[in-house]
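Participant: Compute the structure for the input listed below.
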Amino acid sequence: MLITLTELGELHGLLPKVVIDRHKRGDRTIERLTRPYKDMGGVRKGETLHLSKLDEKSVLEIRELYKKENNYSKIGRMYGVSHATIRHIVKRHTWKHI
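Facilitator: Numbering: from 1, shown residues only. Modelled structure (predicted):
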């Protein structure tokens, strides 16, 4: 059975625009398209961001690695992100919630 994004939104009590916007930015599974905004705490953080390259486990590993390696660039190459991203994680400018 095929269903349009508008019908999917209505079925789950979401505005069609919300479902269409989620689809445009890359969310393709039913769960991600129809999740209530409240489930994300009102603000998208960490893994709930659709472009996130890291998960919570990786962030914790990065913080531990930095204690040993003390080299943003090396850790960044290991995880496929920039040294600035690693610095922001270590200094808790990003991923503050874990």
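
Participant: which residues touch the lowest-mean-pLDDT helix or strand in the chain?
Facilitator: Ranking every helix and strand in the chain by mean pLDDT, DSSP states H and E puts helix 30-34 at the bottom, with a mean of 71. Helix 30-34 has contacts (CB atoms under 8 Å, 6 or more residues apart in numbering) with 5, 8-9, 12, 14, 19, 22-23, 27. The way it works is simple: take the backbone N, C-alpha and C, and place the C-beta from them, glycine included.

Participant: any idea which helix or strand comes after that helix?
Facilitator: With elements assigned by DSSP states H and E, the helix or strand that comes after helix 30-34 is helix 56-69.

Participant: Just the buried residues of that next one, please?
Facilitator: For helix 56-69, the neighbour count (16 or more other CB atoms under 10 Å) marks 58-59, 62-63, 65-66 as buried.

Participant: farthest pair in those?
Facilitator: Largest separation among the buried residues of helix 56-69 by CB to CB: 58 and 66, giving 12.5 Å.

Participant: Show the buried residues in the contacts of helix 30-34.
Facilitator: Neighbour-count burial (16+ other CB under 10 Å) is assigned, among the contacts of helix 30-34, to 5, 8-9, 14, 19, 22, 27.

Participant: pLDDT added to the residues you listed, as CSV?
Facilitator: Listed next are the buried ones among the contacts of helix 30-34 as CSV, based on pLDDT from 0 to 100:
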residue, pLDDT
5, 75
8, 73
9, 73
14, 74
19, 75
22, 78
27, 74
